[in-house]
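Next come a sequence and a model predicted from it.
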Amino acid sequence: MDKTFNILMYSHDTYGLGHIRRTMAIASQLKCRGVNILILTGSPIVGRFEFPEQIDFVRVPGMIKQANDIYVPHSIKIDPVHAMSIRQSIIDATARSFQPDLFIVDKAPRGLKHEIIPTLQWMKENGKTRTILGLRDIMDDAESTIQDWTEKGIYEVLEDLYSEIWVYGHKEYYNPIEEYNIPESISKKMVFTGYIPRKIHSRSCPEKRKNGRKQVVITAGGGGDGYPMMDAYLKGLEKHGPQDFKTIMVTGPFMAKEQRQDLARRSKDLGVTFYHFYRRMEKLFSNADLVVCMGGYNTFCEILSHKKVALIVPRETPRLEQTIRAQVLKEQNLADFLPWHRLGPDEIMSKVDNLLNNSQKIKDAVKNFKFTGLDVMHQRVDYFKKYCK
């Protein structure tokens, strides 16, 4: 059998859908002849996704954040230290057995609670694996990021243990090198890929248009903190009466049961189509005239891939990443946004009405937007395959 090029990907997944969705999107696009991809993840819902040939996953015990820097097991009832030991053992054993040519880490340079540091050190000593850190376009505001990275020794990890750093954004929109005081010893390893496109669904959506009505999709990603946005939206519908557009609501699998049940009951009364989880969101986006969402990186990449108009309602805690992204995207005419602290029934309905009827500037900008993320990553992988064996 010919030698394969093995890519190991790590996604710590303690909260939400963002990390595993980004990892899955990258994996599905990097897959080609002679390439095997194995994903290490703690996502409790990874099994709900479709895995194409040449891509598989290893599930480590899930952890959830209980308080600042305190994590507990998601399902199994054991001591957190024991759970972390199991995770680290699985990660290290998988890396040594799989013998990856590339190790791509999503967002967390040290992994959860330093769990991938031993693996990164082994790879450095072994010399056969190139290590890649993938960072989204914006981490947090400059002051918070610099403080966090300094206190946790992140700058040293980036310099010592990573071959390259891929930034999934545009330097012209937001420059982390300047914002986060990244020294030249690290910045020379940084590759700005641009945004990562998602699978586009072009066939007829299950939620077909009826009587030519426009369609609004409202989604909260994983849903853990999306209730206030969806509550305000339904209150707007309840207050202003029947609308001349159809709404499809997807709460996400991590919304609290009581909140989800409340939204489901009210949606039924209002004629809103309601989903707890929708595995292929691209089907819904394909027919949408407007998508109302929070400011997560992955959701917006999916919306932009479908060339859709978006209203972003970015959270402001525990970090300002989504708010900064929303501001940047509005400056580029790629979306509109409603600040979280101004969220209310009248405010969100006013934005929805305006974007359904007066959004040509955004439509033109998203139509002309060029995705470069996959092309750049393919170039880097081809380079490693050719020169770093």
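Arrived safely. Numbering: from 1, shown residues only.

buried residues in stretch 348-365?
When neighbours are counted by 16 or more other C-beta atoms under 10 Å, the buried residues of stretch 348-365 are found to be 348, 349, 351, 352, 353, 355, 356, 359, 362, 365. Bear in mind the C-beta positions are built from the backbone N, C-alpha and C, glycine included.

for those, which one is nearest residue 159?
Nearest to residue 159, judged by C-beta to C-beta, of the buried residues of stretch 348-365 is residue 365 at 37.1 Å.

Okay, now the unreliable bits of the chain?
Residues of the chain that meet the criterion pLDDT under 70 lie in 1-2, 14-18, 67-68, 201-211, 388-389.

rerun at 50
Confidence mapping of the chain against pLDDT under 50 gives the ranges 204, 206-207.

What count of nearby residues applies to residue 75?
The local packing of residue 75 (other C-beta atoms under 10 Å) involves 11 other residues.

same check, this time on residue 378
14.

That one contacts residue 30, doesn't it?
Yes. Shown here, residue 378 and residue 30 form a contact pair, counting by C-beta atoms under 8 Å, at 7.2 Å.

picking that back up, how about the buried residues of stretch 348-365 in TSV, adding secondary structure and distance to residue 123?
Shown next, in TSV, are those (DSSP: H, G, I helix; E, B strand; the rest coil; distance: C-beta to C-beta, whole Å):
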residue	secondary structure	distance to residue 123
348	helix	47
349	helix	52
351	helix	48
352	helix	49
353	helix	54
355	helix	47
356	helix	51
359	coil	47
362	helix	44
365	helix	41
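
Pick out the most distant pair among those residues.
Of all pairs drawn from the buried residues of stretch 348-365, the widest gap by C-beta to C-beta lies between 349 and 365 and measures 23.8 Å.

What is the end-to-end distance of stretch 180-190?
Stretch 180-190 has its terminal residues 13 Å apart, counting by C-alpha to C-alpha, to the nearest Å.

tell me which residues of that stretch are tucked away?
Of the residues in stretch 180-190, those buried (16+ other C-beta under 10 Å) are 180, 182, 186, 189, 190.

need those in JSON lines with secondary structure, can you?
Conversion of these to JSON lines gives the following (DSSP: H, G, I helix; E, B strand; the rest coil):
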{"residue": "180", "secondary structure": "coil"}
{"residue": "182", "secondary structure": "coil"}
{"residue": "186", "secondary structure": "helix"}
{"residue": "189", "secondary structure": "coil"}
{"residue": "190", "secondary structure": "strand"}
